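# kindly generate the corresponding structure for this input.
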Amino acid sequence: MTATMIHDHQTAIRSILDNAGVTYLSGQVPDKPTFPYRVVAFGVGFDVGSKLEGSSDEHSFWFYVTSVAESDEGVAITADASRFALADARPVVPGYSSTRIKRTTSTPIQADDTVTSTVTNRHPMFAVDTYYFVSFAD
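Model prediction:
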């Protein structure tokens, strides 16, 4: 396992989104974002040793894509674009073989009561999809 293993897997997910033309933010959202947008948040994963000597060679990763728009229809369109890019894709990380990415959970579309658009005087809408894959050290 390399010191950059988690980062390398996160970079592979970003690459899938970049290559699909899906615009996203990683982490922070600007004070006045342009709608629609997506935010990608990564977990650091879990490690399991499947070899007889017990070394960690199986790594499970979850990541979350929050789709945000000014309407529920906009959220649905934005979430669909992410799903199309990610569903069944295999992250490519040198030294690892990955399973296909699966969407495991999705929240209902809802209003973000903590934010009010200064343009529309309405709350933006959002939904969060959880994705999962496993990566095996070669």
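
# can you count the residues close to the spatially closest residue to residue 69 that is not a sequence neighbour?
Nearest residue to residue 69, sequence neighbours excluded (CB to CB, 6 or more residues apart in numbering): residue 36, at 3.8 Å. C-beta: built from backbone N, CA, C; applies to glycine. Residues contacting residue 36 under the criterion other CB atoms under 10 Å number 20.

# quick check: residue 36 vs residue 76, distance?
Going from residue 36 to residue 76 by CB to CB, to the nearest Å gives 10 Å.

# walking through this structure, point out its strands one by one.
With strands called from DSSP state E, the chain shows them at 25-26, 37-42, 46-49, 56-69, 96-98, 102-106, 110-111, 125-137.

# pick out the shakiest of these, pLDDT-wise.
Mean pLDDT is lowest for strand 46-49 among those, at a mean of 68.

# what sits against the residue nearest to residue 45 when sequence neighbours are not counted?
Nearest non-adjacent residue to residue 45, counting by CB to CB, 6+ apart: residue 61, 4.4 Å away. If you count contacts by CB atoms under 8 Å, 6 or more residues apart in numbering, residue 61 has them with 9, 42, 43, 45, 132, 133, 134, 135.

# spatially, which two of those are the most separated?
42 and 134 (15.0 Å; CB to CB).

# pretty sure residue 138 contacts residue 97?
Yes - the criterion here is CB atoms under 8 Å, and residue 138 meets it with residue 97 at 6.1 Å.

# who touches both of these two?
With CB under 8 Å, 6+ apart, residue 138 and residue 97 have no common neighbours.

# so for the two, which residue has more residues nearby?
Taking other CB under 10 Å, residue 138 and residue 97 do not tie; residue 97 has more neighbours (13 against 9).

# so that one versus residue 134, what's the distance?
9 Å.

# near the closest residue to residue 120 other than its chain neighbours, how many other residues are there?
Sequence neighbours aside, residue 70 is the residue nearest to residue 120 in space, at 6.3 Å (criterion: CB to CB, 6+ apart). Per other CB under 10 Å, the neighbour tally for residue 70 reads 16.

# for residue 70, give its distance to residue 95.
From residue 70 to residue 95 the distance is 43 Å (CB to CB).
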